[in-house]
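J.: predicted model and sequence below, questions to follow.
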Number of protein chains: 2
Amino acid sequence: MAAIKLSEKQKELIEKLGIMLERSGTTPAQARIIALLMISDRVELSFDEIRETLQLSKSATSNGLNTLLMADRITYTTKMGDRKRYFKSKMATLGTDFEKQFNQLVKVKEIFQEILENRTKETPEFNDKMAKLIDFLDYFQQEFPALMKKWETRQ
Amino acid sequence: MAAIKLSEKQKELIEKLGIMLERSGTTPAQARIIALLMISDRVELSFDEIRETLQLSKSATSNGLNTLLMADRITYTTKMGDRKRYFKSKMATLGTDFEKQFNQLVKVKEIFQEILENRTKETPEFNDKMAKLIDFLDYFQQEFPALMKKWETRQ
DNA sequence: TTTTTAGTTCTGCAATAAGAGAACTAAATT
DNA sequence: AATTTAGTTCTCTTATTGCAGAACTAAAAA
């Protein structure tokens, strides 16, 4: 019995955050793992603690953890004289997610640019709308780092 | 034979943009429809033009178009003395997508806040990181509208 | 040397999803 | 009145996914 005791509120929050995370592309098992690591009182949990708390199979736990490790959304620590790994949420996750979305935006802009360059010139109205959109993406991209910096210095 | 003639470059761009769109949650058929409407020389295409150009079945075309209409990612116009509907890309799409992501961010922030409020106080280091993240999200949320406005006036 | 630990890997199943194809429908044409 | 048009809806197939359960493995402990 390695299961972690959770309050009803904690369970509720795990499901709630879990659903949000699922919507951004993780599997239910992965989503719950991330959520658990953010919500449980202990910040580092072992394989079996995660498995039993979330009532997952070994395979789901193993695959979930490894996928999250590879995606760099969690890490683990080890302790001397203890073979277990202790997994913890990478708080950077959202910073990373954010950056990922930003990079995605850059790509969208680039494709849009390529599309516009290859569009017929017979549809100026449409093309102008597209150009405007691209311009906004470009502007956002330019301004965002400054926004970041401003926040950092404000800290 | 209602199919639209596309250059190799146009076909390539449809697939390229299609894949990006699929990653953000649309089906392949939907993704190609959106892409086609952004790339084809004619800005408004009929049901059969879309169907034949993309080599889709009637059902896939019908369901795809209706889903996109409901999601407000495309619109259509009609012409007098012509029963067909002519579908066109809503250039606003990306503005909307952008806004959607922004709203998503607001929700993420809110859940994080709720989590933090319910966290044990025994883990100050972890909690501080979380607080910092929340603060950034909050900051971004606050600053974003101003950024938008600045762009608009610059136009 | 045997057993235990801390996982990993390998089937296999159940649920879901995307889309084809055919049958259908309602309005407009002939 | 019969046919065509412009789709819609229904059924079925195929592919994929998420996960359970069991078998397996490598290192450490007994």
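T.: Cool, the structure landed. Because the structure is predicted, anything quoted here is derived from the model rather than measured.

J.: around A:Ser40, how many other residues sit close by?
T.: A:Ser40 sits with 22 neighbouring residues when counted by other CB atoms under 10 Å in any protein chain shown. In short, each C-beta sits where N, CA and C put it, glycine included.

J.: next, give phi and psi for the closest residue to it other than its chain neighbours.
T.: Of all residues not flanking A:Ser40 in the chain, A:Ile4 sits nearest, at 5.5 Å (CB to CB, 6 or more residues apart in numbering or on different chains). Dihedral pair for A:Ile4: phi -80, psi 140, per degrees, to the nearest 10.

J.: A:Ile4 reaches A:Glu49, doesn't it?
T.: Yes - contact criterion CB atoms under 8 Å: A:Ile4 and A:Glu49 qualify, at 5.5 Å.

J.: break chain A down into its structural domains.
T.: Listed by automatic domain parsing, the domain ranges of chain A are A:8-90, A:93-154.

J.: adding mean pLDDT and distance to B:Thr27, write the ones you listed out as JSON lines.
T.: What follows is the domains of chain A, written out as JSON lines (pLDDT from 0 to 100; distance: least, CB to CB, whole Å):
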{"stretch": "domain A:8-90", "mean pLDDT": "96", "distance to B:Thr27": "15"}
{"stretch": "domain A:93-154", "mean pLDDT": "91", "distance to B:Thr27": "19"}
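
J.: in CSV: these, plus distance to B:Ser57.
T.: Formatted as CSV, the domains of chain A follow (distance: least, CB to CB, whole Å):
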stretch, distance to B:Ser57
domain A:8-90, 28
domain A:93-154, 26
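
J.: dump those into JSON lines; add distance to DNA strand C as well.
T.: JSON lines is the format used below for the domains of chain A (distance: least, CB to the nearest atom of the strand, whole Å):
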{"stretch": "domain A:8-90", "distance to DNA strand C": "3"}
{"stretch": "domain A:93-154", "distance to DNA strand C": "20"}
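
J.: ok so, going back, which ones are touching the residue nearest to A:Ser40?
T.: A:36, A:40-42, A:45, A:49, A:52-53 (CB atoms under 8 Å, 6 or more residues apart in numbering or on different chains).

J.: and if we set it to 10 Å?
T.: A:10, A:36, A:39-42, A:45-46, A:49-50, A:52-54 (CB atoms under 10 Å, 6 or more residues apart in numbering or on different chains).

J.: figure out which of the domains of chain A is closest to B:Phe126.
T.: Across the domains of chain A, B:Phe126 has its closest neighbour in domain A:8-90 (5.0 Å, CB to CB).

J.: any residue of the closest one touching DNA strand D?
T.: Yes - interface with DNA strand D: domain A:8-90 contributes A:27-30, A:55-60, A:63-64, A:81, A:83 (CB under 7 Å from any atom of the strand).

J.: end to end, how far does that domain reach?
T.: End-to-end distance of domain A:8-90 (CA to CA, to the nearest Å): 24 Å.

J.: most centrally placed residue in chain A?
T.: Nearest to the geometric centre of chain A sits A:Asp97, at 4.3 Å (CA atoms, centre = their mean).

J.: chain center to the top strand by length along chain A: distance?
T.: What stands out as the longest strand in chain A, according to DSSP state E, is strand A:82-89. The chain centre lies 21 Å from the centre of strand A:82-89; the measure is CA atoms, centre = their mean, to the nearest Å.

J.: any part of it near chain B?
T.: Yes - legend: contact between strand A:82-89 and chain B by CB under 10 Å from any CB of the partner chain is shown at A:88-89.

J.: mind checking the longest helix of chain A?
T.: helix A:124-154 (DSSP state H).

J.: other SSEs contacting that helix?
T.: With contacts taken as 3 or more CB pairs under 10 Å, 6 or more residues apart in numbering or on different chains; DSSP states H and E, helix A:124-154 sits against helix A:92-118, helix B:28-39, strand B:82-89, helix B:92-118, helix B:124-154.

J.: tabulate those (TSV), appending distance to A:Tyr139.
T.: Below are the helices and strands packed on helix A:124-154 laid out as TSV (distance: least, CB to CB, whole Å):
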stretch	distance to A:Tyr139
helix A:92-118	10
helix B:28-39	21
strand B:82-89	22
helix B:92-118	12
helix B:124-154	5
